[in-house]
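# Here's my sequence, what's the structure:
(chains A and B)
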2 protein chains.
Amino acid sequence: MLHLVIMAGGSGTRFWPESRRSRPKQFLTLTGEQSLLQEAARRCRPLVPADRTWVVTGAGHAQETRAQLPEVNPDHILLEPCARNTAPCLALAAVAIARQDPDAVLLVTPADHLIRPEEEFRATVSRAVATLTAHPDSSVLIGIPPTHPATGYGYIERAAPEGAGFAVERFREKPSRAVAEEFLATGRFFWNSGMFVWRVRRLLELFAQFQPAIKAGIDRLSPAWATPGWSDKLAEEFPRMPSISVDYALVEPQAQAGRAAGGLFVVPASFQWDDVGSWQSLPAVLGRDEAGNTVTGPHCGLDTQGCVVRTTADHLVATIGLRDCVVVHTPDATLVAPRDDEDALRKLVARLNELGLGGWL
Amino acid sequence: MLHLVIMAGGSGTRFWPESRRSRPKQFLTLTGEQSLLQEAARRCRPLVPADRTWVVTGAGHAQETRAQLPEVNPDHILLEPCARNTAPCLALAAVAIARQDPDAVLLVTPADHLIRPEEEFRATVSRAVATLTAHPDSSVLIGIPPTHPATGYGYIERAAPEGAGFAVERFREKPSRAVAEEFLATGRFFWNSGMFVWRVRRLLELFAQFQPAIKAGIDRLSPAWATPGWSDKLAEEFPRMPSISVDYALVEPQAQAGRAAGGLFVVPASFQWDDVGSWQSLPAVLGRDEAGNTVTGPHCGLDTQGCVVRTTADHLVATIGLRDCVVVHTPDATLVAPRDDEDALRKLVARLNELGLGGWL
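Reported below is the predicted structural model:
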């Protein structure tokens, strides 16, 4: 059976003041009616019913996650006692799901990406599952056909065609601009979306093979699943796991081991994908009006161009003479900043702490 | 007895979004603890007790005025049924005060100017009253020694010294920049502050002499004062009065008539004065911090200079890379605009109406 594992451990304030420590990006309604987390859960619904949907998130986000996904069994919302990157996050899901359905196939996905249209997402997943069925010991990645020489993503280099996808030649770290341009010119590279399909049984074997420390934790945790001692055991074991990403922990070693490790495949996404990494990314995602602005909520602009303006329905934002800025109103904080300067926003967040204004983070 | 008449009929949205149609500038706390109206009433308090304080304001502002000045007898808050400029406003006060104290001396002042320090204001008023005592049929103006060749104020040209002040040679309309520079070079000019001292008995004579239509209205209104029919009578008579300023209606004609009309004097103000005409004026009034910003409320600025930032205590405004802008947060509207472009703000206000967003005005 196909299970959906949503990794919703993201934190950060790149969308400050909409995102806060207590309300990271996946909980935001950046694009419409639903939050990114809600979209991540529900776009899979025709393939994966709610009772096979799992979410791994930080303990501090339990309440918000339950509130946003009331249809998901609260026992399927797995709470990380602390942040340990994506490999322990996935291990936690593997523990729970393997106990319930040892033959489970896992579709693992981040909670905070934007994907349109949903039908194409499901079509891509179906192709990935078909590839896994043909190669039961493999891992299947969903690769994004690159649209520009991005330097912010890892790249997957493909080898020979294999069913609906390709064998993976190797992984490449975030490249320089020049290298990214070379990648694109070859036509052999995909962006690494962080979405995977694999059998939970095989996943546990991969942990055993490449990450014995995590596998040891899994083995100590597993007997406690669905017992009253689960929380205490998790609080004891989870922090002892090494903080490492799935890519580094499992996928790259598997790529290096080649067919001997069951095979690694990439299936190209047929959907539009955006990781909505910053305010800067919103115009591409939400579009622009005649003045080149991307507006959510009541706005009156005079001589205002290329701006991202976001406000609540009851609060008017008026701007005069503004170019390529972001203006974000939330009930307790407002940001006015250049649209494309993520570094400055990071500095601002640090500054808030220095000034004793960290309560607004 | 000295009575204080505060002309609080001002409207307008030059401080939008803090000022609204329903809450013009005189009601705003631009500078500290008290609104400009409250300061206007209370700075005179040692000279004029609350029971000789009168406020003339628009009928729509009755509630706000009573709330801001609970110590003032509600019967002394005179309500204009419609806007008719300052001469009818003053006539209304004259009707009421002449009935109560026919020998009253009136200190007439706008409600929305900033004056510091209060002691010097009272000292100036005392000098003006002394001048009036020496010339009981005169009008005494308070003149502001000009600090720069402003083109937004009327000017008073002085003649010979007379007690604590000067006889007035003539009035000059708002001048061009070049003319204003000539005025300053002579050392004989004051800005017209809109503050006057005169006897109510003489004021009624001046209305009779120069504004017979207004005097006729006064005479029809007067018998109704302090009767149950007052409001109805006022609603009938006030709109029939011509819309004209005190300057045009009384003071300029009196200046032209010279000593024959009782004399016109100007007493120089020894206080700091600012009419706080726009956001642009706030730095001069409130000062600047090390970064050259003028901030009210919680603010975190990165690379932010020469800005006016205003927010409420519970709402953080964060700015990056902003120069010479005004950022104003209010509970239901936010403005981001160049600091020195009053025209653009006027256009914005017009635009709000066009867009059907006039509810925010």
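# show me where the stretch 151-300 of chain A has strands.
Assigned by DSSP state E, counting those that start in this stretch, the strands in the stretch 151-300 of chain A fall at A:155-162, A:165-172, A:189-199, A:264-268, A:272-274, A:294-296, A:299-305.
# now the ones you listed as a markdown table including mean neighbour count?
All C-beta spots, glycine's among them, are computed from the backbone N, C-alpha and C. Below are the strands of the stretch 151-300 of chain A laid out as a markdown table (neighbours: other Cβ atoms under 10 Å in any protein chain shown):
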| stretch | mean neighbour count |
| --- | --- |
| strand A:155-162 | 18 |
| strand A:165-172 | 19 |
| strand A:189-199 | 23 |
| strand A:264-268 | 25 |
| strand A:272-274 | 17 |
| strand A:294-296 | 20 |
| strand A:299-305 | 20 |
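# Would you convert those strands into TSV that also reports mean pLDDT?
As requested, the strands of the stretch 151-300 of chain A are exported to TSV (pLDDT from 0 to 100):
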stretch	mean pLDDT
strand A:155-162	93
strand A:165-172	92
strand A:189-199	96
strand A:264-268	96
strand A:272-274	94
strand A:294-296	96
strand A:299-305	96
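# Minimum distance to residue B:67: which of those has it?
strand A:299-305 (29.9 Å; Cβ to Cβ).
# chain center to that closest one, what's the gap?
Centre-to-centre, strand A:299-305 and its host chain are 33 Å apart (Cα atoms, centre = their mean, to the nearest Å).
# contacting residues around that strand?
Residues outside strand A:299-305 that contact it (Cβ atoms under 8 Å, 6 or more residues apart in numbering or on different chains): A:291-293, A:295, A:307, A:309, A:311, A:316-324, B:344, B:347-348, B:351-352, B:355, B:357.
# Could you rerun that using 7 Å?
A:291-293, A:309, A:311, A:316-323, B:344, B:347-348, B:351-352, B:355, B:357 (Cβ atoms under 7 Å, 6 or more residues apart in numbering or on different chains).
# Among those, which lie within strands?
A:309, A:316, A:317, A:318, A:319, A:320, A:321, A:322, A:323 (DSSP state E).
# Based on its surroundings, how many neighbours for the fifth one?
Going back to what we said before, that points to residue A:319. Residues near residue A:319, counting by other Cβ atoms under 10 Å in any protein chain shown, number 24.
# Run a quick check on it versus residue A:326, I expect a contact.
No: applying Cβ atoms under 7 Å, one finds residue A:319 not in contact with residue A:326, separated by 10.9 Å.
# Quick check: neighbours shared by those two?
By Cβ under 7 Å, 6+ apart, the residues touching both residue A:319 and residue A:326 are residue A:307.
# Against chain B, how distant is residue A:128?
Residue A:128 sits 41 Å away from chain B, going by Cβ to the nearest Cβ, to the nearest Å.
# how much does the helix or strand hosting that residue deviate in direction from strand A:155-162?
In the assignment (DSSP states H and E), residue A:128 maps to helix A:118-134. Computed by axes from the mean of the first three to the mean of the last three Cα atoms, to 10 degrees, the angle separating helix A:118-134 from strand A:155-162 equals 60 degrees.
# which residues in the stretch 151-300 of chain A form helices?
Secondary structure of the stretch 151-300 of chain A by DSSP state H, counting those that start in this stretch: the helices cover A:177-186, A:200-210, A:212-221, A:230-237, A:246, A:252-257, A:282-286.
# Centroid-nearest residue for chain A?
Relative to the mean C-alpha position of chain A, the nearest C-alpha, by Cα atoms, centre = their mean, is the one of residue A:110, at 2.4 Å.
# Please name the nearest non-neighbouring residue to that one.
What sits nearest to residue A:110 in space, not counting adjacent residues and going by Cβ to Cβ, 6 or more residues apart in numbering or on different chains, is residue A:194, at 4.9 Å.
# What score does the nearest residue to residue A:324 once chain neighbours are set aside have for pLDDT?
Computed as Cβ to Cβ, 6+ apart, the closest residue to residue A:324 that is not its neighbour in sequence is residue A:306, at 4.2 Å. Per-residue pLDDT puts residue A:306 at 97.
# Repeat that for residue A:206.
Looking at residue A:206, its pLDDT reads 96.
# How many neighbouring residues does it have?
Residues near residue A:206, counting by other Cβ under 10 Å, number 23.
# Just the closest residue of the stretch 101-250 of chain A to chain B, please.
Using Cβ to the nearest Cβ, the closest approach of the stretch 101-250 of chain A to chain B is made by residue A:152 at 20.7 Å.
# Now name the helix or strand holding residue A:92.
According to DSSP H and E, residue A:92 maps onto helix A:86-100.
# Restricting to C-alpha, output the helix or strand following that helix in CSV.
Once the chain leaves helix A:86-100, the next helix or strand it forms, by DSSP H and E, is strand A:105-110. C-alpha atoms of strand A:105-110 as CSV (Å, rounded to 0.1, in the frame of the first residue of the first chain):
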residue,chain,number,x,y,z
VAL,A,105,5.6,1.9,-0.2
LEU,A,106,6.5,5.4,1.0
LEU,A,107,6.0,8.5,-1.0
VAL,A,108,8.2,11.0,0.9
THR,A,109,7.8,14.7,0.2
PRO,A,110,8.6,18.1,1.8
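# tell me the angle of strand A:105-110 relative to helix A:200-210?
70 degrees.
# Before I go, just wanted to say thanks for your time.
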